[in-house]
Structure formats: C-alpha cells, structure tokens
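Enquirer: no FASTA, just this:
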C-alpha cells in the first residue's frame, strides 16, 4: 500500500479444562459480540495508496486521491462501501474504468463494481477527493491544522465510531481490516512529511519541493495510519532490540532538540523491559513526532504533544503508555470498541510496569495503589455508574472504566496467574494474534488454555460484570498443635457496585508473629464466605488478607514500619498517624474499605453509619506504643456526601475490635467544618473504625431524616 502526499508552505491442556471451556453456559447479554455487520466482513483491503496533492496550511484544505487494493471474502459482492468524512468526491475509477454512478452521504461512499469477481479476486478502486478535513467535536481527533503544522489523530472521543482514519482518506475504518502502507510526501523544502513506517528516501524535485517516501510493511487498521507536516528537526538514535537494531526518530520543533535526551532519558530502558515481557518490538521503527496536541499511538509514529517536550521526566509516563500500544493496540488490536480495555487498560497497567523495570517494584505498587484509589472513588461518577470492562457503551469507550479500571484489573490478572504463567501467556497471546485483532473472549480462552487455569470465573467477576468484590477477614481461631499452630481463617466477600459475587477467588493470607515473623498461604473460595485451616509455624499475633496488594478489590491499603515519633501519612487511605511513644518498632497496616461497614447489632435511634466506607487497622503494636489516628472526612469529593446531610448533624467516630462485637464510640476530637475535616482519635487501636452521624431531633427525639 502506498500513501503519497503533497504539502505546500500449547498448547496442551487437561481434558477437563477443554471440556469446561467447550461446555460453557450461554454468555450473559453483556458478553455477546456487540459490533454488527461491517464492511470488513465482506472486503479485505490489502493496500492503500493515498495521494494528498495539497495540504494547504493557510486554507486548511486537502486534495488528493486514494487507491485501494482489496479482495472479496465472500461471493456475490457487487460493491464496496468505504468511510470518508466531509469531502467532495471528484471522480472514481474501478481499475482503469471510470465509475459513472456512486453514492456518497458525507460519511459513507458506496462504489459499485464494474466487473464480476469472486472470493480471492484482487480489485482496485481509486477515489479523487478534496475539502476541509474533519475534526472531532472534542477538538482532539481528526485532521488538525495548527499554524504551519498539520497532523492527524486517529481517534475521536465524541465521534461514532471513534476511528478517524476516515478523516483524511477513504478506508474501511474498523478494528478488523488491516493493510500495509507506502507513504510518499511531497512538501515544500522548508517542511517535512512524517508518516508511519520506515523512511526510504527524500527526493528533491527541483521546484522547491521534496518527496518523502515512507514504507510500513506490517499491517495496521486505518485509524493507526498517520501523517504530520511541518518544520521538524530530526534527532536520531537506535535501540538494540532483541532481533535487530531499531531506528529511533524524534521529529520535534527545531528549538526543542536539546530537550530530547532529557525528555526521553529512559526510552531504551523501557523498550528493553517491554521486549523482555512481551516479545520483540513488532515494527521497524520507533517514532516520536511532536504535535500541537496528542498523544496517539500511531504505528511507529507516536503523536507526542509539544507541551511534554520539557527536557525532564515529566512526560515519561505518557510515552511509556504510548509505546506499550505498539504491542497492545497496534500489533494486536481489540476486536471492537466494546473490547477497548484490551488496548487502553493494558497500556495504563504498563504505566506501572515500566516503573517496576526502571525504578523498583515499590514504584509499581505505589502507582497501582493510586490508580485503584482513583477508580474506587471516582470512576463510577465520571462514567455515570459502575460498568463492566467489556461491552462498554460508545459514550464511555475512552472513559475511566476502560483506562483506569482496565489497568487495575490487568494487575489483578497478573497476580491471579502468577508472573511465570502471566507473562509467558501474554507473550504467547501476542504472537498468536500478531498483526490481527482479538476479542476479550479470545484473551480469556487463550490464557485459560495456556495456563491450564479456567479463567471463566475471573473474567465474569472482573471483566464481564460491573463493580468490584471486597474481601476481608471475618474471624480467626488459633489452636496450638505441637510446635506449630492451627489457624482457621474465615473470610467474607462484599460487593461495591457489583451484581454477583466473584467466584474462584484466590486470597493471600499473611500471618504475623511477635518476633516479626511472616507466613503467607493462599485461601480459595467462591461466593459470600469461605474458610481454610492453615498450619502456622509460630503463634500469629495478627492475620491480614492481601498484604502485598495483589488484588484490586474494593480496598486501598498500605503497611508502614514506625520507628520514631512524628506524623506518618498512609497514602490513598485518607489517614495519618501521629506517633507519640515508640519504645520499639511498630508495624501498622491501614486499609480503607470502599464498602459499607457492618450494621449496628443493636440499633441506636438517630445514629447512622456510613453507607460507603470504613477503616481497618492491623499490625504489631509493641508494649508502650501510643499513636493518634487522623481520619479524614469530606462531603464534597464523593466520599461522605450520603452521610453528611445537614450542618446541624454531628459526625462521630465508632470503633470495634472485630466483627464479633458491636460498634462503640471512640474518643476523638473533630477538626474542620461540617463538610470537610478530620477526626483525631486519641489512642489508635487495632480493629475497625467507621464514620457515623447523629441526626438532630425532631419533636425532642433523635430520628432519621
């Protein structure tokens, strides 16, 4: 396929698992294939040859023609339907014959065949067109003119469908159809034409123009094709890839070239990490091209915003995200917009993964904690409800559910399988579907077969249905047994925005002893409750679930070692500790639970507990350890808006040492207003804390509002 441009100015599995996969019950409605019949069901475009004879930076117009080479997938097809937005069609040819009658609505271009063809026959269509190219209503996607620069962004947030290859050339613009590209860009000598692929040559035409020839020999969907025109300076480098040295091109504003080394300091390290986990880089060039707005994962030619060319590391999360798309989204593309979490959720997860490789695992885990807190606090607000990852409505294709929830679910899947099976399976999956599309069901079934673990229940809970499970320890009984101890742990599942309980759950249970000994084992259960007996080699002082934050359930937590007096923050839990006496090191873990606490066993008139959240305090408190606990409340950031109703009501803190006993008042001091502030608990204890409100009396008696 060519684009020419003129610009002026395995795997083995047990029989039981195979039978289990083959005999699955019918998928819920939200799990059925959603996308309807599309052009790529009947036509396969092999090659695009797109000539943009004019890119007028002043008038913001383009003019050109596109030649498509394609085959038929079925017999009795007598036309091809292409997508092209807001252009005037000048003429159309099928092969060498001009088409006299065709249909164009400003969105769809229907071209009749002038000859009979069958399956596998190769045909070509040439379309001449001109006009002002489309820009998405969000002012982000489409074809943009910005001063003396022009560029496309292949996705529009408000367009339906979102794919916007059709903004600048006629194409089959879906996730299934993939083609190869050659790019010929004829531009003024003061400009460059940068497109996807490898630069083959630059030819001086002798008339103050030059022709830039690019080649992209790996197939991509139309929305990942790209073009950028302007006065660019090239900073070139190479990456020593697993299979070959890969050229790196940074096309930036001439004044920004000194900032390239600092901005992309970790480029090669990130690429090395991605290759080690996902396999060799799948294309022939690593390209970054600066644009007025971005970023967008155009294959080999990432659009990267001018504002992020800072010379420091402020933009590395962004390019780490976009680079990961070369595997998740470009080499393997999601099968439909409803599967978009497979592109964007995985790229968000890679925002944490690259930190693990460049910095350390703590950096990975800290970033995941931030992501999880944001999802649990805000995603159901920004996306107007708790939503499943798969089957996302078009309005929320590029919303927080797909991105942020998708990222934390990938983190959970990683730990559900374990690193060996997970990374091995992901690498094999990417090779299996290389230069093709894959659905959520393809991913689930492939990893099930690869790992030998039936992932139906996991995908049901985390992908196909909305909300989050919440896991907690309900109680623990410990009985000495010789030199060890039999500990029976009872766990419980609650739901945050979920409609069904998660099944086939795997929870790490960690026991901690007086001498700072740790013992961890796994408890598996389905439904609301579960239990397991463990043999622990020391007397447990405290028992914790998911200490290492491997599950993105409806909790955010962090453990800290307190060795001195002072104030200690517990990020993403809305708490601080003010340690006043520390005779010996203390181990403190605080969990912010994003579900309602258990109700009062004995109701108190007018006393209402939070319906949204509570805290768990665990750990090892040495004799003489004393600390205050600072617990924040806020009516205005979707935390306590359902609890704090009237300024005359009184917010209080309740405490209980465990689920077996009822809530009781804690000693605290309130700091702040009715709507925001914190409650300072005088003496922090292990157990659970929750906010509550005493509603004021009517006719002299406390009662509910």
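Expert: That came through fine. Only a predicted model underlies this, so the values are computations on that prediction, with no experimental measurement involved. Numbering: from 1, shown residues only.

Enquirer: Poorly predicted segments of the stretch 551-700 of the chain, please.
Expert: 696-700 (pLDDT under 70).

Enquirer: Can you show me the helices along the stretch 401-550 of the chain?
Expert: Applying DSSP state H, counting those that start in this stretch to the stretch 401-550 of the chain gives helices spanning 406-417, 419-432, 440-451, 456-459.

Enquirer: Same check on the chain?
Expert: 15-22, 260-263, 267-278, 316-324, 341-358, 361-374, 380-382, 400, 406-417, 419-432, 440-451, 456-459 (DSSP state H).

Enquirer: And those: which comes nearest residue 506?
Expert: Among the helices of the chain, helix 406-417 comes nearest to residue 506, with 6.1 Å by C-beta to C-beta. For every residue, glycine as well, the C-beta is placed using N, CA and C.

Enquirer: Can you list the helices and strands that that closest one packs against?
Expert: Here helix 406-417 touches helix 341-358, helix 361-374, helix 419-432, helix 440-451, going by 3 or more C-beta pairs under 8 Å, 6 or more residues apart in numbering; DSSP states H and E.

Enquirer: by contact count, what packs against the last one?
Expert: Based on contacts counted as 3+ C-beta pairs under 8 Å, 6+ apart, the elements that helix 440-451 packs against are helix 15-22, helix 341-358, helix 406-417, helix 419-432, helix 456-459.

Enquirer: By mean pLDDT, show me the worst of these.
Expert: Across the helices and strands packed on helix 440-451, helix 15-22 has the smallest mean pLDDT, namely a mean of 36.

Enquirer: contact partners of stretch 519-529?
Expert: 457, 474, 489-493, 501-511, 513, 530-532, 534, 536-538, 540, 547 (C-beta atoms under 8 Å, 6 or more residues apart in numbering).

Enquirer: Next up, the contacts around residue 589.
Expert: Going by C-beta under 8 Å, 6+ apart, the list of residues near residue 589 reads 544, 547, 557-560, 617-619.

Enquirer: Need the nearest residue in space to it, chain neighbours excluded.
Expert: Here the nearest residue to residue 589 in space, its sequence neighbours aside, is residue 559; by C-beta to C-beta, 6 or more residues apart in numbering that works out to 3.8 Å.

Enquirer: ditto for residue 245
Expert: residue 238 (4.9 Å).

Enquirer: Would you agree the one you found is in contact with residue 244?
Expert: No. Using C-beta atoms under 8 Å, residue 238 is not in contact with residue 244, being 9.7 Å away.

Enquirer: okay, and the common contacts of the two?
Expert: By C-beta under 8 Å, 6+ apart, no residue touches both residue 238 and residue 244.

Enquirer: From residue 645, how far out is the residue most central in space within the chain?
Expert: By C-alpha atoms, centre = their mean, the chain has its centre lying nearest to residue 345, at 2.0 Å. Distance of residue 345 to residue 645, computed by C-beta to C-beta, to the nearest Å: 36 Å.

Enquirer: all strands of the stretch 501-650 of the chain, in order?
Expert: 505-513, 518-525, 529-536, 540-545, 555-562, 566-570, 575-581, 586-593, 607-609, 614-620, 626-634, 650-656 (DSSP state E, counting those that start in this stretch).

Enquirer: Specify the stretch among those that is closest to residue 188.
Expert: That would be strand 555-562 among the strands of the stretch 501-650 of the chain, by C-beta to C-beta, at 54.4 Å.

Enquirer: Could you tell me which strands sit next to the closest one in the sheet, and their orientation?
Expert: strand 586-593 (antiparallel) (DSSP bridges).

Enquirer: Would you mind getting the angle between the strand it pairs with and strand 575-581?
Expert: Orientation of strand 586-593 against strand 575-581 (axes from the mean of the first three to the mean of the last three C-alpha atoms, to 10 degrees) gives an angle of 160 degrees.

Enquirer: Tell me the buried residues in strand 586-593?
Expert: Within strand 586-593, the residues that qualify as buried by neighbour count (16 or more other C-beta atoms under 10 Å) are 586-593.

Enquirer: Kindly report the same for stretch 89-108.
Expert: Quick answer for stretch 89-108 (16+ other C-beta under 10 Å): 89, 92-94, 99, 102, 104.

Enquirer: and what of stretch 661-669?
Expert: Burial within stretch 661-669, assessed by neighbour count using 16+ other C-beta under 10 Å, is assigned to 663, 666, 668.
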